[in-house]
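> need coordinates for the following:
(2 chains)
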Amino acid sequence: MSKVNTENKKSNAIGAFLEQYSFLMGIVLIIIAWPSITLCLRPFIERLGDLSLFIYNTEFFNQKVFTPAGTLDYICSFLNQLLFTPWLAALLLITLWLAAYALAVRLFELKKSHTILALVPIALLLCTITGYGRNIYFLSNQNIFYTSTIGYLFALCIATCSKKCSKCLTCKLVTIAIAGTAGYLIAGTYALLGLAIIAVMSIAETQLSVTYRVAATGTAVITAAIFPLYFCKHYIAGIEFVNFTTYNCCNIVPFILLAIYTILLAFSKQLNDKKTVLEFSCAIAASVLAIILTNGVDRQFATELKMFQALEKENFEEVLEMYDDYAGKCISANKKSYISLKKSISGQKRTKQADILSGYYRDTYKTPSRIMSQFRLIALGRTGQIGSKLFSSMTGEIDRSSKLSYSTMLFEYGPTFFNNWGVFSSAYVWASGNSIHSGWNYYNLKESVIALMLKGDNELAGKYIDILCATKVYRKWAEEQKQYIQTGTAATNSKYRYMQALDCPRENQYISSSRDIESFLVHHFALWDKQPEKITPEYAECAMLWSIYSQQIPEFWTAFNKYMEITDATHIPRYYQEAAYMYATLEQPALLEIFPFDKEIANTYKDFDRFAQKNRQLTAVEMRNECFKKFGSTFFYFYFFVRNFL
Amino acid sequence: MKSVRNSIVSICLIFCTACTNIPDCYTDISGNPEIFPDNINVTIPCNIAPLAFCYKEQAEKYITSISSGNTEYIVKGRNVVIPAKKWNKLKDSSNQITITSYVQKNGQWNAYKSFSYFVSADTIDKYLSYRLIPPGFENFNELKLIVRDLESYGEREFYSNRYLQEPGKAQCMNCHYFRNYKTDQMQIHVRQYLGGTMLFNNGNVRKINLKNDSTISNGVYTAWNPKYDYIAYTTNSTFEDLHNMDHNLIEVLDDASQLILYDINQNTVSMVSSNKNTLACYPVWSTDGKRLYYTLSHMPYSGSDEPGMKTTYFYNHSSEIHYDLMYKDFDPETKKWGKEVKVIDAAKLGKSITLPRVSPDGRYLMFSMGTYGVFHIWHHESDLYLLDLETGTYNSIASINSNYAESYHSWSSTGNWVVFSTRREDAGYTRLYIAHHNGDGTFDKPFALPTKNPQHSTFLMYSYNIPEFSIEDIPYTAKELAKMVKEMSVEFIPYHE
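Numbers count the residues shown, from 1 in each chain, chains lettered A, B, ... in the order given. Predicted coordinates for the structure are as follows:
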């Protein structure tokens, strides 16, 4: 009896606390989200900024506004300019959330103790932004930061307007029809959400007559059903889904939950006071679950974004540190999972064990992504550390995901990669090609300017410069590029100087875009027979890098000879020595006497060879794992255990 | 009281007129202003929409005086846009519209040398159709076919692939063609998803496919006989790739092509030219319908038939692909063809001819010529040439050509105007320019397709493609055409020897 009394007392206390502070708690939680979003999502916000565009002219306005949800799109494109100042962008978002929270409480007449329930749609709005993950690159419109929030607010506003006309049925019906039709043109599917709220609230208004409720609900439903279908032939406008054919997925879950939950809130008047705590708990649990399921807490994606930002700012050491850090975590994780996997299969036959372990390396082995590797290689090239650090952070395997002809990484960063490797034609083709799917944005325009300017196509570069000059965000940058073109001084910029150094004149060739980038770069720098006659030291380094990656001995020697010719290196970097030593050992032992290899290189190779001989009884996978522990950061390991790279 | 009111009105009037008055003090500058687009001293049709332009230079103030006869119109601002009513008045006043530009820099007014629009009494066809396509490499997304009213800025989409395209089911469309500039007989190719050739023939609409065991593909480049019920097509196996160093970014080549004839009445297709060592392209009929001009390249291939080998061979020898201008005479009664005759041996000159088009009076043939290849919009060096069919001489049309690609072109129904594709503005995006033909093989300076916003071209991220004049509007809406494309089933046309 006393236990029941204690529980009742507790429940009453919680109920009283919620009654008093529920609304305030909601506000506090939203405000707390501001620094969290700014800090945790900063690279994502900045990237979204780069993937947007706003041009101050009537052409842009006309292009945007005169389609369903066009006004919403235009407003969000304008607000996206704030994304370049993440704290300000997050502040506006929080402000809009507070407005949506307050409006929802008012519209649905939530009881004081229930106001916290209006927080759930806010959590879902956050999911609509973060849940896309790397799918943002495959959207036809990357205006995702503000669209769902402003759209949701618009839906609440439509419902509020309709509620204010409750006294006169005719006024209400006209308001519903106009709000629905004009609303759909302004905000697309969000207007349909507003109509759904109106319909549900009309049903839930038990104090009104049946005729009233049926008329209001019917008008809302008919407007929502007929207008979009008749005029626009579709109901989805203003919500972005991935539509690229190969990666046909969408981030629809948070939107569906948002719609369902908001409509359920319209029934809030029917909520029973006694179940407040349970409802509150369920609501919070549901929102947390939604965040977890749809958020895509993708460390890999987040790290790539940070590395890209660091690369853009030319903080190359930071790029390398981030890669090393990520690789270190992969190695630790792989160690643990390998040990536990070995334990779990210890009773099985050796051949079966070998199969399982092969599968482990192929399918579940953690390794930095190909995008991270590209950023790292670019940073190594820019800092002249290819030869000394190429395999220093190996995890034992290379990311072999998505080796499709149009791989995701080229949609995400193709123009950046190709520009940084001095392949300007491909950079421009990828920038303009990506724009066909996702529209032109600051990023594609900027990379196009760089590619065309460094290629010498100044007229076409000028077109994109003129477009960027009509923006606020990139006007200054565009004016600087214009100066470079007019004065012919692009080479005074160290980044451009490096890129141009890689663009050594060569016989023209056709370069299909159907290869993945690694194969392309190997061919471009190492395997094609029509290499440039005169090369720069920077090109020579890249040729060394990609000839090593090619694992082709003749191509390595060609690049090595050119490297020795071009550079005045008094000391050959470690990994070039390792490759040369190993290849010489395998095919031209006489060279071992001629080249001044470091003793350490020779000793390491001998140790490696001895190790391999000693452990011949191990399976290939076991050998690999054991070898990685001792020789994982050597070229020898790469050559023998990371095969079929291309 | 009355005098006070009058004074106030006078002051207001003075104020208003002072704002748009030509400056009293200015320095004369000998050259013309730099404007975009460059419509300085161009000849325009009497029924064209207003030409707008903007000043390229940065200045504090701009005043433009536009006068014709006794009519004058003053425009303030960098963008010079003339309302339609004023424009018509100017055109009607005299056959020369004079534009004088006053530009203020550092507080000082400068007056540039005046330039003119010469108003020709020759009218231009009211409608111009074209495709808008992003200039990408292999990729495409939304494509539109637009019909434009040249007497205004009005544009209407008469087909778009967005009506029917779905994820995983891409659709391309092109090669809209109007027989004798009318739209009661026209055709459009739709490719890939729901593909077929939409043939509109005096109210009868069919969706046909000319692909059979003897043809490489469905029909591609089209030539509808102006007098007889035949349509010549090419069939093509086309591919494209990217240059790594060449200034011409992209190369589009055929590794196989044929010339076929579709007999509309018999509903059969027959071969005109098919040889594995030749590539035939771009058919066009003479005005009497008894001669078919086309381009032909000799490209012998004796290599492996493995997939991709022939394509690789053609890429490696792309600079050796030269198309000559040919013709064959045709008897419409017997459907017999005469011998193949070479008109211009472009290969000997180290050049390649594409896109021959015969003028409506039958006297001239305009073509594009570049150093090699079959797709010249990607060739900076390609220019337009005019062949006099009576004398057999041809010349580069210097008044039309620029330092960048000139390619697809189309004569107006009277032969007084030519519209052509050019990349002169930025070397990357195709724009349309219109030039006046003086009737004697000479052309006046071309003007850019008029747009209300003179900077439209800068911000348009599409290229214009396949401009074709017509004297009638397209009698279908985009939705109607989409419905036809979707619902009609394809009729495969049988081959007949």
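> okay, how far is it across stretch A:624-642, tip to tip?
This stretch, stretch A:624-642, spans 10 Å end to end (Cα to Cα, to the nearest Å).
> show me what residue B:296 is bridged to.
Note on residue B:296: beta-bridge partners by DSSP bridges are residue B:280, residue B:324.
> in a helix, residue A:198, correct?
Yes - assessed by DSSP: H, G, I helix; E, B strand; the rest coil, residue A:198 belongs to a helix.
> and it, what pLDDT?
pLDDT recorded at residue A:198 is 91.
> next: residue A:290.
Note for residue A:290: predicted pLDDT of 62.
> same question, residue A:77
As predicted, residue A:77 sits at a pLDDT of 95.
> pull the CA atoms of the regular element (helix or strand) spanning residue B:457 into PDB?
Element membership for residue B:457 (DSSP states H and E) is helix B:456-459. What follows is helix B:456-459, C-alpha atoms only, in PDB (Å, rounded to 0.1, in the frame of the first residue of the first chain):
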ATOM      1  CA  HIS B 456      20.100  35.900 -70.200                       C
ATOM      2  CA  SER B 457      22.800  34.200 -72.100                       C
ATOM      3  CA  THR B 458      25.400  34.500 -69.300                       C
ATOM      4  CA  PHE B 459      23.100  32.800 -66.800                       C
END
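> which residues touch that helix?
With Cβ atoms under 8 Å, 6 or more residues apart in numbering or on different chains as the test, helix B:456-459 has contacts from A:55, A:57, A:59-60, A:463, A:466-467, A:470, B:36-37, B:425, B:429, B:431, B:448, B:451. (Each C-beta comes from the backbone N, C-alpha and C, glycine too.)
> now do the strands in the stretch 301-450 of chain B.
Per DSSP state E, counting those that start in this stretch, the stretch 301-450 of chain B carries strands over the ranges B:323-331, B:336-344, B:352-358, B:364-370, B:383-388, B:394-396, B:406-411, B:417-422, B:431-436, B:447-448.
> circling back: residues making contact with the helix or strand following the helix holding residue B:457?
Scanning forward in sequence from helix B:456-459 by DSSP H and E, the next helix or strand is strand B:463-470. Residues from elsewhere that reach strand B:463-470, judged by Cβ under 8 Å, 6+ apart: B:124-125, B:127-135, B:147, B:174-178, B:181-183, B:186, B:408-413, B:417, B:419-421, B:429-432, B:449.
> now with 7 Å, please.
Residues outside strand B:463-470 that contact it (Cβ atoms under 7 Å, 6 or more residues apart in numbering or on different chains): B:125, B:127-133, B:135, B:174-178, B:181-183, B:408, B:410, B:412-413, B:419, B:421, B:429-432.
> average pLDDT across the helix or strand just after that strand?
Heading C-terminal from strand B:463-470, the first helix or strand you meet, by DSSP H and E, is helix B:478-487. Across helix B:478-487, pLDDT averages out at 92.
> mean confidence score for whichever helix or strand comes after helix B:478-487?
Per DSSP H and E, the first helix or strand lying C-terminal to helix B:478-487 is strand B:491-492. Averaged over strand B:491-492, pLDDT sits at 94.
> residue B:87 is in contact with residue B:50, isn't it?
Yes - using Cβ atoms under 7 Å, residue B:87 is in contact with residue B:50, at 3.9 Å.
> low-confidence ranges in the chain?
The chain I'm using is chain A. A:1-12, A:14-16, A:18-19, A:231-234, A:241-251, A:268-297, A:401-407, A:513-515, A:644-646 (pLDDT under 70).
> to clarify, I was referring to chain B.
In chain B, residues with pLDDT under 70: B:1-20, B:137-141, B:167.
> 80 instead, please
B:1-20, B:135-142, B:165-169, B:175, B:497 (pLDDT under 80).
> all helices for it, in order.
Under the criterion DSSP state H, helices of chain B are mapped to B:2-20, B:84-93, B:309-316, B:456-459, B:478-487.
> pull the number of nearby residues for residue B:260.
26 (other Cβ atoms under 10 Å in any protein chain shown).
> interface residues of chain A facing chain B?
A:55, A:57-60, A:243, A:245, A:248, A:423, A:425-426, A:429, A:432-433, A:436-437, A:440, A:457, A:459-460, A:462-463, A:466-467, A:505-506, A:508-513 (Cβ under 7 Å from any Cβ of the partner chain).
> can you give me the helices in the stretch 101-250 of chain A?
Taking DSSP state H, counting those that start in this stretch as the test, the helices found in the stretch 101-250 of chain A are A:119-130, A:147-164, A:169-187, A:189-204, A:210-227.
> can you add mean neighbour count and distance to residue B:244 and give the ones you listed back as CSV?
Shown next, in CSV, are the helices of the stretch 101-250 of chain A (neighbours: other Cβ atoms under 10 Å in any protein chain shown; distance: least, Cβ to Cβ, whole Å):
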stretch, mean neighbour count, distance to residue B:244
helix A:119-130, 24, 39
helix A:147-164, 23, 40
helix A:169-187, 20, 46
helix A:189-204, 25, 45
helix A:210-227, 18, 52
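> can you add distance to residue A:43 and give these back as TSV?
Converted to TSV, the helices of the stretch 101-250 of chain A look like this (distance: least, Cβ to Cβ, whole Å):
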stretch	distance to residue A:43
helix A:119-130	12
helix A:147-164	20
helix A:169-187	29
helix A:189-204	28
helix A:210-227	38
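> and of the ones you listed, who's closest to residue A:619?
helix A:119-130 (42.7 Å; Cβ to Cβ).
> dump the closest one to PDB, keeping only the CA atoms.
Taking Å, rounded to 0.1, in the frame of the first residue of the first chain, the C-alpha atoms of helix A:119-130 are listed here in PDB:
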ATOM      1  CA  LEU A 119       9.400  18.800 -29.300                       C
ATOM      2  CA  VAL A 120       9.200  15.600 -31.200                       C
ATOM      3  CA  PRO A 121       8.600  17.200 -34.600                       C
ATOM      4  CA  ILE A 122      11.600  19.400 -33.900                       C
ATOM      5  CA  ALA A 123      13.700  16.300 -33.300                       C
ATOM      6  CA  LEU A 124      12.400  14.900 -36.600                       C
ATOM      7  CA  LEU A 125      13.200  18.100 -38.400                       C
ATOM      8  CA  LEU A 126      16.800  17.600 -37.300                       C
ATOM      9  CA  CYS A 127      16.600  14.100 -38.700                       C
ATOM     10  CA  THR A 128      15.400  15.400 -42.000                       C
ATOM     11  CA  ILE A 129      18.600  17.300 -42.300                       C
ATOM     12  CA  THR A 130      21.200  14.900 -40.900                       C
END
